[in-house]
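In: my questions are about this predicted structure, shown below with the sequence.
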Amino acid sequence: MAGSLIERTLRVLETLSSEPEGIPLQHLAAHLEIPKSAAHRICNELMRLGYVRQEARTGHYRLSTRLIALGFRYLGSTGASDVLQPILDRLAAETGELVRLGVIEGDRQTWIAKAQGTHTGLRYDPDMGREAPLRYTASGQAWLASLDNPAALALLDRQGGHDPEHFGPNAPRTDAELLECLDLARERGYTCCIDSSALGTSAFGAVIRHPIQGHTIGVISVAGPSVRLTEARMHELAPKLLQAVEELSHCSQASQLFSE
């Protein structure tokens with residue numbers, strides 16, 4: 001992997017963010033396609049600064065909690081918790097499922113907040129902070145549906161990483177199948193996915209638009225086990241989702257998360 005020292009350092013942090021048990025230095029260097037000595041220097045400097053630590057027993061490198069603290073500090077300073085979280089909490093209580101909020105920056109949609117509507121029985125509760133795959137998630141398809149077809153396919157191509165092994169059985173494999181899903185989402189005003197991101201899960205989502213300029217600034221989705229969150233149930237709950245979308249649009253001006 002070519003790139004500046006800053007780029008390499010950020011890639012190290014991004015890689016470690018997906019390795020909660022840590023990763024050996026050799027595997028880290030191989031994953032990033034950089035010399036082992038370069039990976040060692042970067043990790044040592046990140047350790048000195050408090051962003052990475054090394055496990056004494058295994059020697060694996062892993063993130064410290066410092067980045068987590070920075071993330072929470074940033075979210076607190078944007079006003080997201082005070083302004084946006086109550087809307088997510090209410091929608092989660094109304095649907096009894098997991099509600100996720102994603103923000104859009106450039107070509108990335110990142111899940112940054114959630115509310116869990118069920119505390120017993122089957123739960124669907126993935127980690128926050130990761131980039132939403134566009135092809136096979138309700139959140140991703142909602143964003144794509146807000147664009148015209150050429151722009152949607154171009155965005156999908158820029159994201160890359162379309163490994164069919166990561167798709168659910170009902171995920172659109174071809175661009176033609178995806179465009180059919182997007183057309184249906186445009187007609188409804190929301191996406192509806194069953195066994196698309198993973199077997200046994202369902203989700204539906206809609207975009208949040210800037211209240212004045214009208215462009216897409218975020219996505220909100222509701223997800224849960226497909227045995228409970230059936231297609232009929234998603235259509236029944238859709239008005240509550242769209243009400244939350246409208247409220248989040250109006251409230252977005254109070255949070256720096258959605259600032260241009």
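Out: Received, thanks.
In: which sections of the stretch 1-150 of the chain are below the confidence cut-off?
Out: Under the criterion pLDDT under 70, the flagged ranges of the stretch 1-150 of the chain are 1-2, 71-82, 119-130.
In: which stretches in it count as strands?
Out: 52-54, 61-63, 98-105, 108-116 (DSSP state E, counting those that start in this stretch).
In: kindly reformat those as CSV containing mean neighbour count.
Out: Just so you know, the C-beta spots here come from the backbone N, C-alpha and C atoms, and that holds for glycine as well. Listed next are the strands of the stretch 1-150 of the chain as CSV, based on neighbours: other CB atoms under 10 Å:
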stretch, mean neighbour count
strand 52-54, 18
strand 61-63, 21
strand 98-105, 22
strand 108-116, 19
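In: what ranges does the stretch 151-260 of the chain have for its helices?
Out: Counting by DSSP state H, counting those that start in this stretch, one finds helices in the stretch 151-260 of the chain at the ranges 175-188, 231-251.
In: touching, A185 and A145? I think so.
Out: Yes. Look at A185 against A145 with CB atoms under 8 Å: they come within range, at 4.0 Å.
In: who has more neighbours, the two?
Out: Regarding A185 and A145, a neighbour count based on other CB atoms under 10 Å identifies A145 as having more, with 27 against 23.
In: show me what contacts that one?
Out: 152, 181-182, 185-186, 191, 207 (CB atoms under 8 Å, 6 or more residues apart in numbering).
In: let's go with 10 Å and repeat that
Out: A145 makes contact with 152, 178-179, 181-191, 205-207, 216, according to CB atoms under 10 Å, 6 or more residues apart in numbering.
In: same question, I23
Out: Residues touching I23, when contacts are defined by CB under 10 Å, 6+ apart, comprise 12, 15-16, 29, 31, 58, 60-62.
In: out of the helices of the stretch 151-260 of the chain, which is closest to G3?
Out: With CB to CB, the closest approach to G3 among the helices of the stretch 151-260 of the chain belongs to helix 175-188: 30.3 Å.
In: how far off helix 231-251 does the closest one point, in degrees?
Out: Following axes from the mean of the first three to the mean of the last three CA atoms, to 10 degrees, one obtains 70 degrees for the angle between helix 175-188 and helix 231-251.
In: so which elements touch helix 175-188?
Out: Contacts defined by 3 or more CB pairs under 10 Å, 6 or more residues apart in numbering; DSSP states H and E place helix 175-188 against helix 138-145, helix 149-159, strand 191-194, strand 201-209, helix 231-251.
In: between those, which one is nearest to V103?
Out: With CB to CB as the measure, strand 201-209 is the member of the helices and strands packed on helix 175-188 nearest V103 (8.9 Å).
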